[in-house]
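here's my sequence, what's the structure:
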Amino acid sequence: MNSTKRVFLFVVVSTLLLLLLSLADIFLSWSFTPLQRINLVADVFPRTDNHNPADSSEAIVLDTSSTHAQKFATNFDLYTEPGTITNFNADTNAVSMIQLVKQLHQLKQQKKGKIRIAYFGDSMIESDLLTQTLRKLLQQYFGGQGVGYIPISTQTYKLRQTVVHDIGGSWKVTNMKNATDKKYMYLSGYTFTTANGWIQVTDKTITDSTVATEKILLCGYAPKPVTISVNGKPFVVQANNLFNRIVLATDNSNKLTVNITDASLPVYGIAFEPTEGVVVDNFSFRGTSGELLKPLDSTFLTTIAQQNPYNIMVFQYGVNVMFRPNDTKFNWYKSIFEPVVKKFTNCFPSTGIIISSTADRAFRYADGYKTAVGIDSLIKLQAAIAFETGNMFYNLYATMGGKQTIVKWADAKPPLANKDYVHPNHAGAAILGEYFYNAVRKEYDKYEQSLH
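Model prediction:
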């Protein structure tokens, strides 16, 4: 038998086998999670146990033995509240993010200190969407300027409105999807190296040229000192740690040009930060549900926590979990994402962690575009992850309006979302950023009132 026939026979047999397994999964209630993600007939014959979104959510059994549950009486149902960052404290008059609001209060009153926020997500926050509004509002009220973290490049770096960004030379781009060794890929999921590359950035968020900002190189370990060029002048980089935060300049300029000619230096990006004020870093990675953060080395993360600490981390994922219209059971996702949350909770012990629910997304059903039938199940699961790991939760879906919101936004004139019924556009993302800011201010105002 020649090779063409063997390939043809292999394809036919494999397809028939997958078809038989797919039918068994649907009609015999035989369940195998990886198969459910590639079931050939799921959209033709939806699973009979998948029609009621409550099936999955009601099956969740909460672990109430977590540490935070012993500190105060809890109410898990608070996860349904819109516009609220909850730590599940049954006393809703109590401040849910007390550590952060105390730090914000000190910053507001004394104009000293730095509050750093890392906001993780998928393509919904790509190009600084949502975070650019959140950053602007926080800095306007609490102080500070600067765009925060800037990767050397991404698929959409030219579309970012908060920076003018250009690169040249030959850059090797490694990311969490194509890397062989993923332990030290940084929080963005990217690492960059070059023997002849340059990056030039103008920070458009800097509005006060009388106030100095820090220009920072974020990089990995290099076995020897590396000389780079910063705004045309030589600068020696001593990258002795697994992760290094190196201030290249502190001045009033909103521009930075860096040339690198040594590929032994792993570069993660640069950052513009205020010397005093709020920093919001956008860590977006297209197509992920947070699982790509799992391979990061714990010692590496601990080093980041020491060298470049964050007060708050927000994890906004979910739309990529709902990749099939009739799915309502997502327990497989809990086993994937909960270890990520636990790892970050352990490696960043001084950081408050907020799990944000998925935003609304819609599929085309028989009667038109409708909110995904399993969205309530997924959100309850995400809330359970926050509850069981002792972290906070924010219901983005309920805050933006709940069922059918993304359809209304896409059909609005002018529109607030794209016609894929998944992604808010710049106008819609600005609304989401303002909603999150309002949720932070809600807790801050509670704290302010408690002082009087």
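
three-state assignment of residue 278?
At residue 278 the chain is in strand, as set by DSSP: H, G, I helix; E, B strand; the rest coil.

that one: what's it in contact with?
Taking C-beta atoms under 8 Å, 6 or more residues apart in numbering as the definition of contact, the neighbours of residue 278 are 107, 114-117, 135, 138-139, 142-144. Heads up, the C-betas are built off the backbone N, CA and C, glycines and all.

need the residue closest to the centroid of this protein.
residue 120 (1.7 Å; C-alpha atoms, centre = their mean).

so what's that residue bridging to?
Here residue 120 sits in beta bridges with residue 283, residue 315, going by DSSP bridges.

for residue 323, give its distance to residue 363.
Taken as C-beta to C-beta, to the nearest Å, the spacing of residue 323 relative to residue 363 amounts to 10 Å.

so between those two, which is more surrounded?
Under the neighbour definition other C-beta atoms under 10 Å, residue 323 and residue 363 were set side by side, and residue 363 has more, 19 against 13.

in what helix or strand does that one lie?
With the criterion set as DSSP states H and E, the secondary-structure element containing residue 363 is strand 362-365.

alpha carbons only: can I get that strand in CSV?
Extracted in CSV, the C-alpha atoms of strand 362-365 (Å, rounded to 0.1, in the frame of the first residue of the first chain):
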residue,chain,number,x,y,z
ALA,A,362,-23.7,35.4,22.5
PHE,A,363,-24.1,32.5,20.0
ARG,A,364,-26.5,32.2,17.1
TYR,A,365,-29.4,29.9,18.1
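
past it, which element shows up next along the chain?
strand 368-371.

distance from that following strand to the middle of the chain?
The chain centre lies 26 Å from the centre of strand 368-371; the measure is C-alpha atoms, centre = their mean, to the nearest Å.

kindly report the same for stretch 80-93.
Stretch 80-93 has its average C-alpha position 21 Å from the chain's average C-alpha position, going by C-alpha atoms, centre = their mean.

what values do phi and psi take at residue 214?
Torsion angles at residue 214 (phi, psi; degrees, to the nearest 10) stand at phi -90, psi 130.

need the pLDDT of it.
According to the model's per-residue confidence, residue 214 sits at a pLDDT of 98.

ok, what's across the strand from it?
Under DSSP bridges, the residues paired with residue 214 across the bridge are residue 250, residue 273.

quick check: it touching residue 247?
Yes. Between residue 214 and residue 247 there is a contact at 5.3 Å, judged by C-beta atoms under 8 Å.

between these two, point out the one with more neighbours.
residue 214 (18 against 12).

residues in contact with that one?
Counting by C-beta under 8 Å, 6+ apart, residue 214 makes contact with 146, 247, 249-250, 271-275.

closest one of those residues to residue 293?
Distance ranking of those against residue 293, using C-beta to C-beta, places residue 271 first at 19.3 Å.

quick check: closest non-adjacent residue to the closest one.
Nearest non-adjacent residue to residue 271, counting by C-beta to C-beta, 6 or more residues apart in numbering: residue 216, 4.3 Å away.

helix or strand for that neighbour, just tell me which one.
In this assignment (DSSP H and E), residue 216 forms part of strand 213-220.

after that strand, next one along is what?
Tracing the chain C-terminally past strand 213-220 and defining elements by DSSP H and E, one meets strand 226-230 next.

what's the angle from the following helix or strand past that next one to strand 226-230?
From strand 226-230 onward toward the C-terminus, using DSSP H and E, the following helix or strand is strand 233-237. If you take axes from the mean of the first three to the mean of the last three C-alpha atoms, to 10 degrees, strand 233-237 sits at 140 degrees to strand 226-230.

would you mind getting the angle between strand 233-237 and strand 213-220?
Our comparison of strand 233-237 with strand 213-220, counting by the same axes, to 10 degrees, yields an angle of 50 degrees.

closest to residue 154 out of the contacts of residue 278?
When the contacts of residue 278 are compared for distance to residue 154 (C-beta to C-beta), residue 135 wins out at 17.6 Å.

which strands and helices sit next to the helix or strand encompassing that closest one?
Under the assignment given by DSSP H and E, the secondary-structure element containing residue 135 is helix 131-142. In this structure, helix 131-142 packs against helix 98-110, strand 114-121, strand 277-284, helix 426-450, with contacts taken as 3 or more C-beta pairs under 8 Å, 6 or more residues apart in numbering; DSSP states H and E.

same list, these, but as a markdown table with distance to residue 405 please.
Below are the helices and strands packed on helix 131-142 laid out as a markdown table (distance: least, C-beta to C-beta, whole Å):
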| stretch | distance to residue 405 |
| --- | --- |
| helix 98-110 | 28 |
| strand 114-121 | 18 |
| strand 277-284 | 21 |
| helix 426-450 | 9 |
